[in-house]
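Peer 1: How does the following fold in three dimensions:
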Amino acid sequence: MIVASVLVFTWKQEEVFAALTSLTIEPFESWGWIGTPTDQTASTTGSATDSSLGFLHMNCASDSSCNPATGNYPNVQVDVDTGDVNGYAWLGNASSTSGQAYSTGWLNFDPAPLPDASPFGDSSCPSGSKYPAPPCNSAQIDTSNQSEISGWARFESLSEAAPFTTGTPGDNDWGWVLLRGTNSADGQEYGVLYVDGTLEGWAFSGGGSLDLAQTTFDESVGFGWISFSAAAGGSPTGPTGGYLSTERGDVYVQDGIENPTGALSPAQFNATFLLLANGTIQNFVSEELGAGTFTDDTFGTIELPDATNNFTTELGSIDLTTLTTDVGGGENAFGDSVNTMTDFSSFTGNQFLDGSVYHVDGGSSPYTITDSITFTNGVALPTTGNNFDGRGTIVVEGDLTINANIFYNNSSLLHVDNLASIAWIVRGDLVIGPNVSHVVGAFFVLGDDSIGDGISDGQIQTLPASASQLAIYGMTMARSYDLQRSYEGQFGLDEPSELIYYDGRVLVNTPPGLQDLASTLPSFSAN
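Peer 2: Numbering: from 1, shown residues only. Below is the predicted model:
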């Protein structure tokens, strides 16, 4: 099955490049909701939307319509490299009948710890980091998976409102929000996730003590559960299990493809454009033209590349032997640098591809990626000769297991050749672990030389995970798929468990060895 590998149309290279660079400067923007669902019908004796605390706006400092306060209140910001999360969100609501505002104020994602002498700080926290309970820090993002946010935030208005006659305002246990913890009702973990520039998940605003002796504790002092989402508050309707979706691309299946009946609600889809197969297509929907349209189940067979056809098909050819052979000076016959590796131990943190081929061979299959990788853009013009080429190709001679997130960085570009663009050619199976939520690149999972023996036949497998979505930014080609995720979205969003987002990099800055494949994709001008 080929997912998101064929477009109905593309743009010229310069136009796609402009679209990609514009994505990196979009402001961080997200919403949260505290209260009853927004789709609950208001009554004449007390509207549900009036009684709710309302929306939590993460980008309020840039929006004068929601920011009645003055002073330095920057937007919520997330730095996946350092782990720092800071800034302010504004919590407010208005009556659905009178329009009167009911504002609660700022939620600080970088609140100062309590004084060491405060009776409300946890004794297990070190000096200078006395928060109400572990973890003993303000909001932070896990730099390894670049997704999970934990620690503390705080509502400023509550922290200053405690009715204590001694002590400094704020030196109390009012207004604290735990961003990741365990729900005492069912023992399950909850928490906030940073996903593609927005926040998802749950946080909890607890109660507070009514006296310094902490002899009385009132749950009503806190606000309860906070739902983070781009459209939080909806009632959960839609699929009862996970489903696959692509954005900005197509789905082609050589034999056939089927979703369970009722897997999609009317708002969901599986592809932006075409659904193509040489077999039956069932319960799959095109976003652009709806169910049953722009769908072809007699498209014909596209032969996938393997050793028997010398890696040449209708889509073009991949000359693996020439691509990975050092003919002298550390370069292949195409002039690309060839680097041989026995494992991925050198691929950690930031990785600049430098227009090279990385041949993973001679080690132990399956080859495993255990640490998060961020592929970086180039920082120079091609005329300077160094540090400009952001593309690269990784050829894995065997099975590949990915157990950590993989990203592109979003730094500014001087030239289209700077753009990070990675291709993965796997001569075996690809397994993506349950804790992985984000991977990037064009994946060609071809299998070994003995296609049909049931061993390393070129399968992409996603291991079960119900708590997170897997987003693949790029494209995938494989002989078969075993998609085991059961994520259904949160707050009634009904999101796909596996989302493949066609980002166009394979056309904009084509990785070494893929020029023939990329040339088969049509290119049209803006006219």
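Peer 1: and residue 382, backbone torsions?
Peer 2: Reported as degrees, to the nearest 10, the phi and psi values for residue 382 are phi -60, psi -30.
Peer 1: Contact partners for it?
Peer 2: The neighbourhood of residue 382, defined by CB atoms under 8 Å, 6 or more residues apart in numbering, consists of 388-389, 415, 417. No exception for glycine: its C-beta is placed from N, CA and C like everyone else's.
Peer 1: how does it look with 7 Å?
Peer 2: When contacts are counted by CB atoms under 7 Å, 6 or more residues apart in numbering, residue 382 is found next to 388, 415, 417.
Peer 1: Put together a markdown table for these, with distance to residue 124 on each row.
Peer 2: Written out in a markdown table, the entries for the contacts of residue 382 read as follows (distance: CB to CB, whole Å):
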| residue | distance to residue 124 |
| --- | --- |
| 388 | 50 |
| 415 | 52 |
| 417 | 52 |
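Peer 1: hmm, which of these are the buried ones?
Peer 2: For these, a neighbour count by 16 or more other CB atoms under 10 Å gives the buried set as 388, 415, 417.
Peer 1: quick one: low-confidence parts of the stretch 101-250 of the chain?
Peer 2: In the prediction, the stretch 101-250 of the chain carries residues with pLDDT under 70 at positions 101-103, 165-167, 186, 196, 229-241.
Peer 1: count of neighbours near residue 82?
Peer 2: Residue 82 is flanked by 10 other residues according to other CB atoms under 10 Å.
Peer 1: Give me the pLDDT for it.
Peer 2: Residue 82 is assigned 86 on the pLDDT scale.
Peer 1: among the contacts of residue 382, which one has the lowest pLDDT?
Peer 2: Looking at pLDDT alone, these dip lowest at residue 415, where the score is 88.
Peer 1: give the contact list for that one.
Peer 2: With the criterion set at CB under 7 Å, 6+ apart, residue 415 makes contact with 381-382, 388.
Peer 1: returning to that earlier point: can you put the contacts of residue 382 in TSV and add secondary structure and distance to residue 206?
Peer 2: Conversion of the contacts of residue 382 to TSV gives the following (DSSP: H, G, I helix; E, B strand; the rest coil; distance: CB to CB, whole Å):
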residue	secondary structure	distance to residue 206
388	coil	52
415	coil	51
417	helix	52
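Peer 1: ok, now how distant is residue 192 from residue 366?
Peer 2: Relative to residue 366, residue 192 is positioned 32 Å away (criterion: CB to CB, to the nearest Å).
Peer 1: cool, and residue 285?
Peer 2: When distance is defined by CB to CB, residue 285 is 35 Å away from residue 366.
Peer 1: So if I had to pick from these two, which one is more boxed in?
Peer 2: For residue 285 versus residue 366, the count of surrounding residues by other CB under 10 Å is larger for residue 285: 22 against 16.
Peer 1: And the pLDDT for that one?
Peer 2: The per-residue pLDDT reported for residue 285 equals 78.
Peer 1: cool, residue 252 as well?
Peer 2: Residue 252 carries a pLDDT value of 77.
Peer 1: neighbouring strands for the strand or helix carrying it, and are they parallel or not?
Peer 2: Secondary structure from DSSP states H and E places residue 252 in strand 251-253. Partners of strand 251-253 in the sheet, by DSSP bridges, are strand 2-3 (antiparallel), strand 275-277 (parallel).
Peer 1: which one of these has the lowest average pLDDT?
Peer 2: strand 2-3 (a mean of 46).
Peer 1: Which parts of the stretch 401-527 of the chain are helices?
Peer 2: For the stretch 401-527 of the chain, applying DSSP state H, counting those that start in this stretch gives helices covering 505-508, 515-519.
Peer 1: Now the longest one: average pLDDT?
Peer 2: Helix 515-519 shows an average pLDDT of 63 in the prediction.
Peer 1: Kindly report the same for the first one.
Peer 2: The average pLDDT within helix 505-508 is 84.
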